[in-house]
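Visitor: sharing a model that was predicted from the sequence below.
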Amino acid sequence: MEQPPDTARRIALQIRAATDAAQKTYTFDDEHDPHLPADRWFQGSTDGLVLFIVFYTQACRWSACSGCNLPSVSASGPVGFPALARQVDHVLDDPAVCAKKAAIAKVIVSNNGSVLDEVTFPTTALMYLVARLNLELPAMRVLSLESRPEYVDVEELEFLARAMRERPVPAEIELAVGFEAFDDGIRNKVFLKGLSLRTFEALVERIRHPHFRLKCYFMQKPVATLSDAAAVTDVCAGIDYLDGVARRSGVAMNLHLNPTYVAHGTPLEAAFLAGDYTPPRLTDVARAVLHGAGKALSIFVGLNDEGLAVSGGSFLRREDGPLVEVLERFNRTQDYATLRRSCEGLGVFGTVVGDVPD
(Lines give C-alpha, C1' and ligand atoms only; values in the text may rest on other atoms or scores of the structure.)
Protein backbone atom coordinates (compact mmCIF):
# COMPACT_ATOMS: atom_id res chain seq x y z
CA MET A 1 0.00 0.00 0.00
CA GLU A 2 1.40 3.36 -1.03
CA GLN A 3 1.77 6.06 1.61
CA PRO A 4 -0.83 8.84 1.30
CA PRO A 5 0.84 12.11 0.20
CA ASP A 6 0.37 13.76 3.59
CA THR A 7 1.87 10.75 5.40
CA ALA A 8 4.80 10.54 2.99
CA ARG A 9 5.50 14.25 3.43
CA ARG A 10 5.31 13.98 7.23
CA ILE A 11 7.70 11.04 7.37
CA ALA A 12 10.17 12.72 5.02
CA LEU A 13 10.14 15.77 7.27
CA GLN A 14 10.62 13.56 10.34
CA ILE A 15 13.71 11.97 8.79
CA ARG A 16 15.12 15.33 7.73
CA ALA A 17 14.52 16.86 11.18
CA ALA A 18 16.28 13.95 12.94
CA THR A 19 19.22 14.24 10.54
CA ASP A 20 19.56 17.97 11.14
CA ALA A 21 19.21 17.61 14.91
CA ALA A 22 22.13 15.16 14.90
CA GLN A 23 24.20 17.72 12.94
CA LYS A 24 24.61 15.41 9.97
CA THR A 25 25.15 17.04 6.59
CA TYR A 26 24.89 14.24 4.03
CA THR A 27 22.19 14.10 1.36
CA PHE A 28 20.00 11.15 0.41
CA ASP A 29 20.49 8.98 -2.65
CA ASP A 30 17.29 9.76 -4.50
CA GLU A 31 18.92 9.08 -7.88
CA HIS A 32 19.35 5.37 -7.13
CA ASP A 33 17.33 3.00 -9.35
CA PRO A 34 14.50 1.83 -7.03
CA HIS A 35 14.51 -1.57 -8.72
CA LEU A 36 18.07 -2.28 -7.55
CA PRO A 37 19.20 -3.08 -3.98
CA ALA A 38 21.67 -0.83 -2.20
CA ASP A 39 24.23 -3.62 -1.75
CA ARG A 40 24.76 -7.32 -1.19
CA TRP A 41 27.74 -9.44 -0.21
CA PHE A 42 28.75 -12.84 1.13
CA GLN A 43 30.48 -13.58 4.40
CA GLY A 44 31.42 -16.66 6.40
CA SER A 45 30.13 -17.44 9.89
CA THR A 46 29.57 -20.40 12.20
CA ASP A 47 26.17 -20.76 10.54
CA GLY A 48 27.90 -21.27 7.20
CA LEU A 49 27.76 -19.09 4.10
CA VAL A 50 25.87 -15.84 4.73
CA LEU A 51 24.14 -13.70 2.11
CA PHE A 52 23.85 -10.13 3.41
CA ILE A 53 21.28 -8.05 1.49
CA VAL A 54 20.82 -4.30 1.91
CA PHE A 55 17.60 -3.19 0.24
CA TYR A 56 17.11 0.33 -1.09
CA THR A 57 14.15 1.87 0.76
CA GLN A 58 13.15 5.08 2.43
CA ALA A 59 15.73 6.08 5.04
CA CYS A 60 15.58 5.00 8.67
CA ARG A 61 12.88 6.99 10.44
CA TRP A 62 15.10 7.39 13.52
CA SER A 63 18.06 8.80 11.55
CA ALA A 64 19.53 10.44 14.65
CA CYS A 65 22.52 8.17 15.42
CA SER A 66 25.38 10.65 15.28
CA GLY A 67 28.03 8.46 13.68
CA CYS A 68 25.78 6.79 11.11
CA ASN A 69 25.48 7.88 7.49
CA LEU A 70 23.70 4.77 6.19
CA PRO A 71 20.64 6.88 5.34
CA SER A 72 22.82 8.61 2.72
CA VAL A 73 22.47 5.51 0.54
CA SER A 74 18.70 5.43 1.07
CA ALA A 75 15.79 7.40 -0.39
CA SER A 76 14.26 10.45 1.25
CA GLY A 77 10.80 9.33 0.12
CA PRO A 78 8.94 6.01 0.04
CA VAL A 79 9.90 3.05 -2.12
CA GLY A 80 6.84 0.89 -2.79
CA PHE A 81 6.59 -2.89 -2.60
CA PRO A 82 6.50 -3.41 -6.42
CA ALA A 83 9.97 -1.83 -6.65
CA LEU A 84 11.16 -3.83 -3.63
CA ALA A 85 9.90 -7.04 -5.24
CA ARG A 86 12.07 -6.24 -8.25
CA GLN A 87 15.00 -5.73 -5.87
CA VAL A 88 14.36 -9.20 -4.46
CA ASP A 89 14.33 -10.57 -8.00
CA HIS A 90 17.56 -8.77 -8.84
CA VAL A 91 19.40 -10.31 -5.88
CA LEU A 92 18.07 -13.84 -6.22
CA ASP A 93 18.48 -13.90 -10.00
CA ASP A 94 22.05 -12.56 -9.82
CA PRO A 95 24.33 -15.21 -11.37
CA ALA A 96 26.81 -14.87 -8.49
CA VAL A 97 24.01 -15.59 -6.00
CA CYS A 98 22.50 -18.36 -8.13
CA ALA A 99 25.86 -20.13 -8.18
CA LYS A 100 25.83 -20.33 -4.35
CA LYS A 101 22.13 -20.91 -3.63
CA ALA A 102 22.68 -24.51 -2.61
CA ALA A 103 25.26 -23.43 0.00
CA ILE A 104 23.67 -20.29 1.51
CA ALA A 105 22.92 -21.11 5.15
CA LYS A 106 21.88 -17.69 6.42
CA VAL A 107 20.36 -14.54 4.96
CA ILE A 108 20.64 -11.19 6.73
CA VAL A 109 18.00 -8.72 5.57
CA SER A 110 18.75 -5.02 5.99
CA ASN A 111 17.55 -1.71 4.63
CA ASN A 112 20.03 0.35 6.68
CA GLY A 113 17.18 0.92 9.10
CA SER A 114 14.36 -1.40 10.19
CA VAL A 115 12.95 -4.02 7.84
CA LEU A 116 10.16 -4.60 10.36
CA ASP A 117 9.02 -0.98 9.96
CA GLU A 118 6.22 -1.52 7.44
CA VAL A 119 6.31 2.18 6.55
CA THR A 120 9.80 1.96 5.07
CA PHE A 121 9.76 -1.77 4.23
CA PRO A 122 6.23 -2.87 3.22
CA THR A 123 5.07 -6.19 4.64
CA THR A 124 4.16 -7.46 1.17
CA ALA A 125 7.79 -7.10 0.09
CA LEU A 126 8.96 -9.04 3.15
CA MET A 127 6.45 -11.81 2.42
CA TYR A 128 7.59 -11.98 -1.20
CA LEU A 129 11.21 -12.23 -0.09
CA VAL A 130 10.42 -15.05 2.35
CA ALA A 131 8.50 -16.98 -0.31
CA ARG A 132 11.40 -16.84 -2.76
CA LEU A 133 13.93 -17.74 -0.06
CA ASN A 134 11.86 -20.78 0.90
CA LEU A 135 11.63 -21.88 -2.71
CA GLU A 136 15.23 -21.30 -3.73
CA LEU A 137 17.59 -21.62 -0.75
CA PRO A 138 17.33 -25.26 0.40
CA ALA A 139 20.24 -25.00 2.87
CA MET A 140 19.11 -21.81 4.65
CA ARG A 141 18.97 -22.34 8.41
CA VAL A 142 18.63 -18.74 9.66
CA LEU A 143 16.75 -15.66 8.49
CA SER A 144 18.09 -12.54 10.23
CA LEU A 145 15.99 -9.37 10.20
CA GLU A 146 17.49 -5.99 11.16
CA SER A 147 15.19 -3.68 13.11
CA ARG A 148 14.90 -1.24 15.96
CA PRO A 149 13.05 -2.88 18.89
CA GLU A 150 10.00 -0.60 18.59
CA TYR A 151 9.03 -2.18 15.27
CA VAL A 152 9.20 -5.77 16.49
CA ASP A 153 5.73 -7.33 16.30
CA VAL A 154 6.04 -10.79 17.81
CA GLU A 155 2.77 -11.99 16.26
CA GLU A 156 4.01 -10.99 12.80
CA LEU A 157 7.31 -12.72 13.45
CA GLU A 158 5.55 -15.88 14.61
CA PHE A 159 3.77 -15.92 11.24
CA LEU A 160 7.15 -15.70 9.49
CA ALA A 161 8.57 -18.34 11.82
CA ARG A 162 5.76 -20.69 10.82
CA ALA A 163 6.68 -20.12 7.18
CA MET A 164 10.31 -20.90 8.04
CA ARG A 165 9.20 -24.21 9.60
CA GLU A 166 7.32 -25.17 6.42
CA ARG A 167 10.60 -25.51 4.55
CA PRO A 168 12.03 -28.98 3.83
CA VAL A 169 14.84 -27.91 6.17
CA PRO A 170 13.36 -25.64 8.89
CA ALA A 171 15.00 -22.27 9.50
CA GLU A 172 15.15 -20.04 12.57
CA ILE A 173 14.31 -16.35 12.91
CA GLU A 174 17.02 -14.03 14.23
CA LEU A 175 16.39 -10.43 15.18
CA ALA A 176 19.31 -8.05 14.66
CA VAL A 177 19.24 -4.82 16.65
CA GLY A 178 21.66 -1.94 16.99
CA PHE A 179 23.12 -1.56 20.48
CA GLU A 180 26.27 0.34 19.38
CA ALA A 181 27.83 1.02 22.82
CA PHE A 182 27.31 -0.35 26.30
CA ASP A 183 27.92 2.86 28.25
CA ASP A 184 24.51 4.52 28.50
CA GLY A 185 25.89 8.04 28.25
CA ILE A 186 27.84 7.22 25.11
CA ARG A 187 25.00 5.24 23.58
CA ASN A 188 22.15 7.66 24.18
CA LYS A 189 23.58 11.09 25.01
CA VAL A 190 26.48 11.19 22.55
CA PHE A 191 25.64 8.67 19.84
CA LEU A 192 21.89 9.37 20.21
CA LYS A 193 20.84 5.74 19.77
CA GLY A 194 17.65 6.03 21.79
CA LEU A 195 17.89 2.56 23.32
CA SER A 196 17.56 1.90 27.04
CA LEU A 197 18.54 -1.32 28.78
CA ARG A 198 14.91 -1.60 29.91
CA THR A 199 13.72 -1.55 26.28
CA PHE A 200 16.36 -4.07 25.27
CA GLU A 201 15.56 -6.44 28.12
CA ALA A 202 11.83 -6.16 27.37
CA LEU A 203 12.59 -7.23 23.81
CA VAL A 204 14.57 -10.22 25.06
CA GLU A 205 11.66 -11.24 27.28
CA ARG A 206 9.21 -10.98 24.36
CA ILE A 207 11.24 -13.26 22.08
CA ARG A 208 12.09 -15.92 24.67
CA HIS A 209 9.11 -18.19 24.11
CA PRO A 210 9.02 -18.01 20.32
CA HIS A 211 12.71 -19.01 20.64
CA PHE A 212 14.01 -16.33 18.29
CA ARG A 213 17.72 -15.68 18.15
CA LEU A 214 19.16 -12.22 18.81
CA LYS A 215 22.06 -10.42 17.14
CA CYS A 216 23.31 -7.20 18.77
CA TYR A 217 25.36 -4.76 16.72
CA PHE A 218 28.11 -3.02 18.68
CA MET A 219 30.54 -0.42 17.39
CA GLN A 220 34.10 -0.19 18.66
CA LYS A 221 35.04 3.44 19.38
CA PRO A 222 31.85 4.99 17.91
CA VAL A 223 32.42 8.50 19.27
CA ALA A 224 35.36 10.89 19.43
CA THR A 225 35.33 11.08 23.23
CA LEU A 226 36.47 7.46 23.62
CA SER A 227 40.14 6.57 23.79
CA ASP A 228 41.33 3.29 22.28
CA ALA A 229 41.63 1.72 25.73
CA ALA A 230 38.19 2.96 26.83
CA ALA A 231 36.69 1.62 23.62
CA VAL A 232 38.06 -1.86 24.39
CA THR A 233 36.68 -1.59 27.93
CA ASP A 234 33.23 -0.63 26.62
CA VAL A 235 33.06 -3.63 24.28
CA CYS A 236 34.20 -5.94 27.09
CA ALA A 237 31.46 -4.53 29.33
CA GLY A 238 28.96 -5.18 26.54
CA ILE A 239 30.15 -8.77 26.24
CA ASP A 240 29.73 -9.28 29.99
CA TYR A 241 26.24 -7.75 29.91
CA LEU A 242 25.01 -9.85 26.98
CA ASP A 243 26.53 -12.95 28.57
CA GLY A 244 24.42 -12.34 31.66
CA VAL A 245 21.26 -11.66 29.64
CA ALA A 246 21.80 -14.77 27.55
CA ARG A 247 22.33 -16.99 30.59
CA ARG A 248 19.23 -15.64 32.36
CA SER A 249 16.92 -15.71 29.36
CA GLY A 250 18.14 -18.71 27.40
CA VAL A 251 18.03 -16.63 24.21
CA ALA A 252 20.73 -17.53 21.67
CA MET A 253 22.84 -14.37 21.51
CA ASN A 254 25.39 -13.00 19.06
CA LEU A 255 27.44 -9.83 19.40
CA HIS A 256 28.27 -8.41 15.98
CA LEU A 257 31.21 -6.08 16.51
CA ASN A 258 31.75 -3.41 13.88
CA PRO A 259 34.97 -1.38 14.14
CA THR A 260 33.93 2.20 13.50
CA TYR A 261 34.81 3.92 10.25
CA VAL A 262 34.56 7.68 9.76
CA ALA A 263 31.33 8.24 7.86
CA HIS A 264 31.00 11.34 5.69
CA GLY A 265 28.52 13.99 6.71
CA THR A 266 28.64 13.12 10.42
CA PRO A 267 30.05 14.86 13.51
CA LEU A 268 32.66 12.09 13.61
CA GLU A 269 33.97 13.28 10.25
CA ALA A 270 34.42 16.79 11.67
CA ALA A 271 36.34 15.39 14.65
CA PHE A 272 38.49 13.26 12.33
CA LEU A 273 39.34 16.19 10.06
CA ALA A 274 40.23 18.26 13.14
CA GLY A 275 42.65 15.58 14.30
CA ASP A 276 40.50 14.68 17.30
CA TYR A 277 39.59 11.13 16.24
CA THR A 278 41.29 8.12 14.73
CA PRO A 279 39.41 4.91 13.84
CA PRO A 280 40.03 1.88 16.06
CA ARG A 281 42.88 -0.47 15.27
CA LEU A 282 42.12 -4.09 14.46
CA THR A 283 44.66 -5.06 17.12
CA ASP A 284 42.36 -3.47 19.72
CA VAL A 285 39.35 -5.13 18.12
CA ALA A 286 41.04 -8.52 18.52
CA ARG A 287 41.76 -7.74 22.19
CA ALA A 288 38.10 -6.94 22.79
CA VAL A 289 36.94 -10.09 21.03
CA LEU A 290 39.19 -12.29 23.17
CA HIS A 291 37.19 -11.19 26.21
CA GLY A 292 34.35 -13.30 24.86
CA ALA A 293 36.09 -16.61 25.56
CA GLY A 294 33.87 -18.78 27.75
CA LYS A 295 30.88 -16.45 27.49
CA ALA A 296 27.36 -17.57 26.53
CA LEU A 297 27.33 -15.78 23.19
CA SER A 298 29.04 -15.88 19.84
CA ILE A 299 30.94 -12.91 18.37
CA PHE A 300 31.19 -11.86 14.74
CA VAL A 301 33.61 -9.13 13.63
CA GLY A 302 32.33 -6.94 10.81
CA LEU A 303 35.17 -6.20 8.39
CA ASN A 304 33.29 -4.26 5.69
CA ASP A 305 33.17 -0.46 5.72
CA GLU A 306 30.68 -0.65 2.81
CA GLY A 307 32.67 1.97 0.91
CA LEU A 308 31.20 4.70 3.11
CA ALA A 309 34.37 5.80 4.95
CA VAL A 310 35.96 9.15 4.16
CA SER A 311 39.48 9.10 2.75
CA GLY A 312 41.80 7.75 5.44
CA GLY A 313 38.86 7.12 7.75
CA SER A 314 38.53 3.35 7.47
CA PHE A 315 39.48 1.02 10.31
CA LEU A 316 41.23 -1.10 7.66
CA ARG A 317 44.90 -0.20 7.32
CA ARG A 318 47.48 -1.37 4.80
CA GLU A 319 49.24 -3.63 7.28
CA ASP A 320 46.06 -5.32 8.50
CA GLY A 321 45.83 -8.10 5.91
CA PRO A 322 47.10 -10.94 8.12
CA LEU A 323 44.91 -9.91 11.06
CA VAL A 324 41.85 -9.61 8.78
CA GLU A 325 42.42 -13.23 7.76
CA VAL A 326 42.71 -14.26 11.42
CA LEU A 327 39.46 -12.50 12.34
CA GLU A 328 37.62 -13.90 9.32
CA ARG A 329 38.70 -17.39 10.37
CA PHE A 330 37.49 -16.69 13.90
CA ASN A 331 34.10 -15.60 12.51
CA ARG A 332 33.75 -19.04 10.96
CA THR A 333 35.08 -21.08 13.88
CA GLN A 334 34.71 -19.18 17.20
CA ASP A 335 38.03 -20.79 18.09
CA TYR A 336 39.43 -18.55 20.82
CA ALA A 337 42.57 -20.61 21.39
CA THR A 338 43.57 -20.26 17.74
CA LEU A 339 42.67 -16.57 17.77
CA ARG A 340 44.90 -15.95 20.78
CA ARG A 341 47.82 -17.91 19.31
CA SER A 342 47.47 -16.09 16.00
CA CYS A 343 47.37 -12.72 17.74
CA GLU A 344 50.47 -13.61 19.72
CA GLY A 345 52.20 -14.61 16.50
CA LEU A 346 51.30 -11.28 14.91
CA GLY A 347 52.56 -9.33 17.94
CA VAL A 348 49.11 -7.93 18.68
CA PHE A 349 49.61 -7.82 22.43
CA GLY A 350 52.83 -5.91 22.12
CA THR A 351 51.22 -3.05 20.18
CA VAL A 352 48.48 -1.99 22.55
CA VAL A 353 48.24 -0.23 25.87
CA GLY A 354 46.46 -1.91 28.75
CA ASP A 355 45.90 -5.42 30.00
CA VAL A 356 45.14 -8.24 27.60
CA PRO A 357 41.69 -9.68 28.45
CA ASP A 358 41.67 -13.10 30.07
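Guide: Received, thanks. Keep in mind that this is a model prediction, so the values were computed, not measured. Residues are numbered from 1 along each chain as shown.

Visitor: identify the bridge partners of the residue most central in space within the chain.
Guide: What sits nearest the mean C-alpha location of the chain, by C-alpha atoms, centre = their mean, is residue 217, with 5.2 Å. Note on residue 217: beta-bridge partners by DSSP bridges are residue 178, residue 256.

Visitor: report the separation between it and residue 253.
Guide: Per C-beta to C-beta, to the nearest Å, residue 217 is found 12 Å from residue 253. C-beta: built from backbone N, CA, C; applies to glycine.

Visitor: picking that back up, quick check: the residue nearest to the centre of the chain touching residue 187?
Guide: No. Judged on C-beta atoms under 8 Å, residue 217 makes no contact with residue 187 at a distance of 11.8 Å.

Visitor: shared neighbours, the two?
Guide: Overlap of the contact sets of residue 217 and residue 187 (by C-beta atoms under 8 Å, 6 or more residues apart in numbering) consists of 179-180.

Visitor: residue 348 is in contact with residue 283, correct?
Guide: Yes. Counting by C-beta under 8 Å, residue 348 is a contact partner of residue 283 at 4.7 Å.

Visitor: list the buried ones in stretch 255-274?
Guide: For stretch 255-274, a neighbour-count test (16 or more other C-beta atoms under 10 Å) marks 255-269, 271-272 as buried.

Visitor: and it, end to end?
Guide: This stretch, stretch 255-274, spans 31 Å end to end (C-alpha to C-alpha, to the nearest Å).

Visitor: ditto for stretch 110-121
Guide: By C-alpha to C-alpha, the extent of stretch 110-121 from end to end equals 10 Å.

Visitor: which residues touch it?
Guide: Residues from elsewhere that reach stretch 110-121 (C-beta under 8 Å, 6+ apart): 3, 11, 38, 52-62, 70-71, 73-74, 78-79, 84, 109, 126, 145-148, 151-153, 156-157, 176.

Visitor: what separates that stretch from the chain centre, distance-wise?
Guide: Distance of stretch 110-121 from the chain centroid (C-alpha atoms, centre = their mean, to the nearest Å) equals 13 Å.

Visitor: which parts of the stretch 51-200 of the chain are strands?
Guide: 104-110, 142-146, 172-180 (DSSP state E, counting those that start in this stretch).

Visitor: redo those as a markdown table? Include distance to residue 332.
Guide: Listed next are the strands of the stretch 51-200 of the chain as a markdown table, based on distance: least, C-beta to C-beta, whole Å:
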| stretch | distance to residue 332 |
| --- | --- |
| strand 104-110 | 11 |
| strand 142-146 | 15 |
| strand 172-180 | 17 |
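
Visitor: now these in CSV, with mean pLDDT?
Guide: Formatted as CSV, those follow (pLDDT from 0 to 100):
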stretch, mean pLDDT
strand 104-110, 98
strand 142-146, 98
strand 172-180, 97
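
Visitor: could you export those strands to TSV, including columns for distance to residue 135 and mean neighbour count?
Guide: Shown next, in TSV, are the strands of the stretch 51-200 of the chain (distance: least, C-beta to C-beta, whole Å; neighbours: other C-beta atoms under 10 Å):
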stretch	distance to residue 135	mean neighbour count
strand 104-110	13	22
strand 142-146	14	23
strand 172-180	18	22
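
Visitor: nearest to residue 338, out of the ones you listed?
Guide: When the strands of the stretch 51-200 of the chain are compared by C-beta to C-beta, strand 104-110 sits nearest residue 338, at 21.6 Å.

Visitor: quick one: work out the angle between that closest one and strand 172-180.
Guide: Taking axes from the mean of the first three to the mean of the last three C-alpha atoms, to 10 degrees, one finds that strand 104-110 is oriented at 50 degrees with respect to strand 172-180.

Visitor: adjacent strands (with direction) for strand 104-110?
Guide: For strand 104-110, pairing defined by DSSP bridges yields strand 48-54 (parallel), strand 142-146 (parallel).

Visitor: many thanks, have a good one.
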